[in-house]
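S.K.: Next come a sequence and a model predicted from it.
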Amino acid sequence: MDLGLSGKACAVTGASRGIGREVARRLCGEGADVMLVARSEDALAEAAAQCAEVGGRAETLALDVTDLDAGERLAAAAHRSFGKLDVLVNNAGTSSRVSLEETSDEEWQAAWELNVMAPLRAMRAAVPGMAERGWGRIVNLSSSAGKRPSAQMPAYSVAKAAELSLSRLFADRYAADGVLVNAVCPGPTKSELWMEAGGLLDQSREREGHASREEALEAAAAGRPIDRLAEVDEIADAIVFLCSERASYVAGAAWSVDGGTVQVII
């Protein structure tokens, strides 16, 4: 299927690893020009090299998306490199397992800045040019925890729910201008966030008393009707579709890509 992304100018935040890196790689594979955005220059260079192997054009921007001017800098960098910005994927994010009682004010504020204010600023900078040209795609990475709060990730859950509301607001405002804004809500995924040493899998094992990482992984998988965690490419496929010409009648959606974790019909 031709997704109509050849020659489109894209920016992906959190693109140095995990879901973001795979989204950038797949966009490049579709012939798009992609700005990979993350904090680490070395990790970005490695990710961009992987993207270059499949086609398209990969550029990098070392940036902390929570900076007050990050949205403006991202849009400016895309225009310098590509002359425009057609597609924005707000993927940057992180989480850790902390109980409601243990969550500090600083952790609540950090989750808000990363998951709400950062995508808000990026969208405010990107949307005017998209609307002027009459075509744009924005995909915000929320979470199944944004639909069904996790007791072990309270600040993350609340911020991701707010991100869904933010996405809907922008979708309603700009759909008639050809700018289609949607969200994707993954469940637990075998990315570095979960699988690397000290990540969410190890945190789950410690907090829930599992004897091994394998036992913790089985327990996490058992919480989904599909009985396993997602692979990174399964999440990336949904995101890239929403970035494409083929998703021309999808606006304001909050797609669950969670193996059936959140058992609702909307």
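M.R.: Thanks, I have it.

S.K.: mind checking the SS state of the nearest residue to residue 154 once chain neighbours are set aside?
M.R.: Of all residues not flanking residue 154 in the chain, residue 100 sits nearest, at 4.6 Å (CB to CB, 6 or more residues apart in numbering). The way it works is simple: take the backbone N, C-alpha and C, and place the C-beta from them, glycine included. For residue 100, the assignment made with DSSP: H, G, I helix; E, B strand; the rest coil gives coil.

S.K.: Report how many residues lie close to residue 211.
M.R.: Using other CB atoms under 10 Å, residue 211 has 8 other residues around it.

S.K.: now it: how far from residue 218?
M.R.: Separation of residue 211 from residue 218 (CB to CB, to the nearest Å): 11 Å.

S.K.: How about residue 109?
M.R.: Applying CB to CB to residue 109 and residue 218 gives a distance of 35 Å.

S.K.: Also residue 143?
M.R.: Distance check for residue 143 against residue 218: by CB to CB, it reads 21 Å.

S.K.: Neighbour count: these two, which is higher?
M.R.: Counted by other CB under 10 Å, residue 143 and residue 218 do not tie: residue 143 has more neighbours, with 30 against 13.

S.K.: what's the closest non-adjacent residue to the more buried one?
M.R.: residue 160 (4.4 Å).

S.K.: Neighbours of the one you found, how many?
M.R.: Neighbours of residue 160 (other CB under 10 Å): 27.

S.K.: Figure out the helix or strand that it lives in.
M.R.: Assigned by DSSP states H and E, residue 160 falls within helix 154-174.

S.K.: Which of the residues in that helix are classified as buried?
M.R.: By neighbour count on 16 or more other CB atoms under 10 Å, the buried set for helix 154-174 is 154-164, 166-168, 170-171, 174.

S.K.: and what of stretch 245-252?
M.R.: By neighbour count with 16+ other CB under 10 Å, stretch 245-252 contains the buried residues 247, 250-252.

S.K.: Redo those as JSON lines? Include pLDDT, secondary structure and distance to residue 260.
M.R.: JSON lines is the format used below for the buried residues of stretch 245-252 (pLDDT from 0 to 100; DSSP: H, G, I helix; E, B strand; the rest coil; distance: CB to CB, whole Å):
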{"residue": "247", "pLDDT": "98", "secondary structure": "helix", "distance to residue 260": "22"}
{"residue": "250", "pLDDT": "98", "secondary structure": "coil", "distance to residue 260": "20"}
{"residue": "251", "pLDDT": "98", "secondary structure": "coil", "distance to residue 260": "24"}
{"residue": "252", "pLDDT": "98", "secondary structure": "coil", "distance to residue 260": "22"}
